[in-house]
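S.K.: Structure of the sequence below:
(2 chains)
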Amino acid sequence: MEKIISIMGWETAKMIAGLVGVLVFVVLNALILTWAERKVAGHMQRRIGPKEVGPYGLIQPIADAIKLLGKEILTPGEVDKPLYWLAPILIFVPVLVSFIVIPFDASLQVKDINVGILVILAFSSLTVLSILMAGWGSNNKYALIGAIRSVAQNIAYEIPLLLALLPVIMMTHSFSLKAIVEAQRGLWFVFVQPLAFCIYFITSVAETNRTPFDLPEAESELVAGYHTEYSGMRFALFFLAEYTNIFIVSAIAVTFFLGGYQGPFLPGIVWFLLKSYFLVFVIMWLRWTYPRVRFDQLLNLSWKALIPLAFLNLLVTGGLLKI
Amino acid sequence: MTLSPSAFIRGAGSLLAGLGVTLKAFFQPVVTSQYPRQLLKISPRFRGHTKLLADAEDPGKNGCIACGICVRNCPSGSIVRVEGEKREGEKRKTATTYILDFTTCSQCGICVETCPSDALGFSADFNLAGYKREDFVFDLVREFEKRKEAS
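M.R.: Okay, here's the model as predicted:
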């Protein structure tokens, strides 16, 4: 072990260990969340949900994963092959990069970059590119409509998302996620910036294409939206990315507004995961409560309500900080 | 999208109320029954296929006297054949075969109503599935004997 570290240098070894840890965490997270989503859906409809495979159906996602792995990798005849192949791989890049800067605990962070949040936001914009690639490359009208919707939706919601995070950055004078968490030692920012938190949470649900903003996949109108033509492991990659994105937006919300890894008695990582998974539960809870919004409602909400409110919030915060 | 403050507050309230409904359901007990593990109680008037009932005086014997009234009354012609024999020392005939073609039976109950010896009833057997039509041509006498052995 020491020999490896001496050859590669401490930083490289840490990065590699971090990447392996991130990969393991991504897969574990997706397995747990697929199970949890079905369980939450079940109980909210007063059913049980998965229960046959393993105790409480806990092994169900592993059985599903084996099924998906065992499927033939099918490429429809008329697709734009390079785009079609690349899309499920590309959707995974932002997911992996985002985890590098998220502080799970005071010392549990792959790398504390001083523009951490910019890295996450810049790379998460790649998600919409891969969705567009999947939709265009599939050569399928449902997939294309889904992809176009996704682009319009993501453009509309990325702005309030950034504007909701900016006041916190102004207050802490830092883009580093760790510095932001440390700045919340006394008071969580959700109590200082409740409006920003609400705006961020609504937009993050829209950014991850979850109900009530799931127009890009809208199974009742568009079959499965942009991943209509994907099956087997490629479909699984889209699914994995979706569940990881849910965790990432929750983790950012926790880092920015809910004090990150800080909390009494328990170790930091436990607090961080508890808060994050609570927000994930809220997102699932929203999904099983609200119907899908109409497209004009979706865009009106962003352009006419969230963006002006976010700007107002930003102005007021800036003004108060100057005094 | 013009929204008055009061409409906004009402809307936000209704959204929260919706969340309350699902959260309440989340913690309430489940209402589905876990079918193969757990069966619901079947109503006594449930109409499955017809079955032969036991004779009122001699419960070891089926009550059918093989008169053939049900065969003549069946609107779908589902009761294919009823045969019986008169046994030594008995006043009446006893059915030895009662072939019901369940594929055409509509469970109307006319056979049950017209039976002069009240020897027919409805079974509660709903677990019926088969790979060919012949699986649903039942000999009710044999079914009666099987039930008798099981009890």
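S.K.: Work out for me the element the spatially most central residue of chain A sits within.
M.R.: Within chain A, the residue whose C-alpha comes closest to the C-alpha centroid is residue A:245; the distance, by C-alpha atoms, centre = their mean, is 2.0 Å. Assigning secondary structure by DSSP states H and E places residue A:245 in helix A:232-257.
S.K.: give me every residue that touches residue A:144.
M.R.: Under the criterion of C-beta atoms under 8 Å, 6 or more residues apart in numbering or on different chains, the contact partners of residue A:144 comprise A:135, A:136, A:138. C-beta: built from backbone N, CA, C; applies to glycine.
S.K.: pLDDT weak spots in chain B?
M.R.: B:1-3 (pLDDT under 70).
S.K.: Would you state the strands of it in chain order?
M.R.: The residue ranges that make up the strands of chain B, judged by DSSP state E, are B:50-52, B:79-86, B:93-101, B:120-122, B:137-139.
S.K.: which one of these is the most hemmed in?
M.R.: Among the strands of chain B, judged by mean count of other C-beta atoms under 10 Å in any protein chain shown, the one packed with the most neighbours on average is strand B:50-52 (a mean of 24).
S.K.: can you list the residues of the stretch 201-323 of chain A near chain B?
M.R.: The interface of the stretch 201-323 of chain A toward chain B, taken as C-beta under 8 Å from any C-beta of the partner chain, is made up of A:285, A:286, A:288, A:289, A:290, A:297, A:300, A:301, A:304, A:305.
S.K.: picking that back up, and the strands of chain B: which comes nearest residue A:150?
M.R.: For the strands of chain B, proximity to residue A:150 was assessed by C-beta to C-beta; strand B:120-122 is nearest, at 56.6 Å.
S.K.: which secondary structure elements does the closest one contact?
M.R.: If contacts are counted by 3 or more C-beta pairs under 8 Å, 6 or more residues apart in numbering or on different chains; DSSP states H and E, strand B:120-122 sits against strand B:50-52, helix B:110-114.
S.K.: As a markdown table, these with distance to chain A would be great.
M.R.: Converted to a markdown table, the helices and strands packed on strand B:120-122 look like this (distance: least, C-beta to the nearest C-beta, whole Å):
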| stretch | distance to chain A |
| --- | --- |
| strand B:50-52 | 34 |
| helix B:110-114 | 38 |
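S.K.: what's the nearest residue to residue A:102 if we skip its chain neighbours?
M.R.: Nearest non-adjacent residue to residue A:102, counting by C-beta to C-beta, 6 or more residues apart in numbering or on different chains: residue A:251, 5.1 Å away.
S.K.: Could you do residue B:18 as well?
M.R.: For residue B:18, ignoring the flanking residues on the chain, the nearest one in space by C-beta to C-beta, 6+ apart is residue A:289 at 5.0 Å.
S.K.: Return the backbone torsion pair for the one you found.
M.R.: Comment: the main-chain dihedrals of residue A:289 come out as phi -110, psi -40, following degrees, to the nearest 10.
S.K.: Quick one: residues contacting it.
M.R.: Under the contact definition (C-beta under 8 Å, 6+ apart), the residues listed for residue A:289 are A:44, B:18, B:19, B:21, B:22.
S.K.: if I read this right, the third one contacts residue A:285, doesn't it?
M.R.: So that's residue B:19. Yes: Residue B:19 sits in contact with residue A:285 when judged by C-beta atoms under 8 Å, with a separation of 6.6 Å.
S.K.: Residue A:92: neighbour count?
M.R.: 18 (other C-beta atoms under 10 Å in any protein chain shown).
S.K.: Give the burial count for residue A:59, as a bare number.
M.R.: Burial of residue A:59 is recorded as 15 neighbouring residues (other C-beta under 10 Å).
S.K.: what about the closest residue in space to it that isn't next to it in sequence, neighbour count?
M.R.: Using C-beta to C-beta, 6+ apart and skipping residues adjacent in sequence, the residue nearest residue A:59 is residue A:53, 4.6 Å away. Residues near residue A:53, counting by other C-beta under 10 Å, number 15.
S.K.: Can you pull the residues of chain B lying near chain A?
M.R.: Residues of chain B found near chain A (C-beta under 8 Å from any C-beta) are B:1, B:3, B:15, B:18-19, B:21-23, B:25-32, B:34.
S.K.: out of those, which are inside helices?
M.R.: When DSSP state H is applied, the residues of chain B next to chain A are split such that B:15, B:18, B:19, B:21, B:22, B:23, B:25, B:26, B:27 fall in helices.
S.K.: how near is the closest residue to the fourth one other than its chain neighbours to residue A:283?
M.R.: What sits nearest to residue B:21 in space, not counting adjacent residues and going by C-beta to C-beta, 6+ apart, is residue A:289, at 7.3 Å. Distance from residue A:289 to residue A:283, counting by C-beta to C-beta, to the nearest Å: 11 Å.
S.K.: List of residues touching the next helix or strand after the helix holding residue A:245?
M.R.: Beyond helix A:232-257 in the direction of the C-terminus, DSSP H and E gives the next helix or strand as helix A:268-287. In this structure, residues lying in contact with helix A:268-287 by C-beta under 8 Å, 6+ apart are A:33, A:36-37, A:40-41, A:44, A:103-106, A:108, A:201, A:205, A:208, A:210-212, A:214, A:246-247, A:250-251, A:253-254, A:258-263, A:266, B:19, B:22-23, B:26.
S.K.: swap the cut-off to 6 Å and go again
M.R.: Here helix A:268-287 makes contact (C-beta atoms under 6 Å, 6 or more residues apart in numbering or on different chains) with A:37, A:40, A:104-106, A:108, A:205, A:210-211, A:246, A:250-251, A:253-254, A:258, A:261, A:263.
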